[in-house]
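Peer 1: Below is the sequence, then the predicted model.
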Amino acid sequence: MLLTIVAFVVALGLLIAVHEYGHYRVAVACGVKVLRFSVGFGRPLLRWQPKGSPTEFVIGAFPLGGYVRMLDEREAPVEPHERHLAFNTQAAQIPGSHRGCWPAGQPVVGGASVFGSELEWRPGTQGGAGQPRCRLHCPERWFARR
């Protein structure tokens, strides 16, 4: 039971991290300054800022969501020399980017989850003693006549 709960929390955290990373990548690609990339809410458990990066990365205590905080004049005053990096000055291209990413990304995520769940790793001796092997297990129902 405890292992199931831990596995659920880890899986949820990974799903949220991948989702938020999509927002982060689109913002960076559109030239928006990202101030914080956070997975989870509540008290920060881990916080770091890579050298030369304006973005602070945070892992929160409760992995039930996340957010990407961007520079925005509607949220706080922005220095004049950074105005071109603000979200509200780039807002016209960002929603269009998200509309394009959603349909393109769904088959990739769906396919990876279906085929990833069917990968079967077994220790074996294929190709030499003690080398692991991987085989893709396709359920017969996928190829059954209907």
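Peer 2: Sure, I can see it. Numbers count the residues shown, from 1 in each chain.
Peer 1: Can you identify the helix in this structure that spans the most residues?
Peer 2: With DSSP state H setting the assignment, residue counts place helix 2-29 as the longest helix in the chain.
Peer 1: Tell me where this protein has helices.
Peer 2: According to DSSP H, the chain carries its helices in the segments 2-29, 87-90, 93-117.
Peer 1: coming back round to it: buried residues, the longest helix of the chain. List them.
Peer 2: Buried residues in helix 2-29, defined by neighbour count with 16 or more other C-beta atoms under 10 Å: G13, I16, A17, H19, E20, G22, H23, Y24, V26, A27. In short, each C-beta sits where N, CA and C put it, glycine included.
Peer 1: per-residue pLDDT, P54?
Peer 2: At P54, the predicted lDDT confidence score is 91.
Peer 1: err, P50, not the other one
Peer 2: Here the pLDDT value assigned to P50 is 92.
Peer 1: what's the spacing between it and E56?
Peer 2: Taking C-beta to C-beta, to the nearest Å as the criterion, P50 is separated from E56 by 9 Å.
Peer 1: If you count surrounding residues, which of these two has more?
Peer 2: The neighbour comparison of P50 against E56 (other C-beta atoms under 10 Å) goes to E56, with 16 against 9.
Peer 1: Out of the buried residues of helix 2-29, which is nearest to E79?
Peer 2: Distance ranking of these against E79, using C-beta to C-beta, places A27 first at 18.4 Å.
Peer 1: Q90 - how many residues pack around it?
Peer 2: Counted with other C-beta under 10 Å, Q90 comes out at 19.
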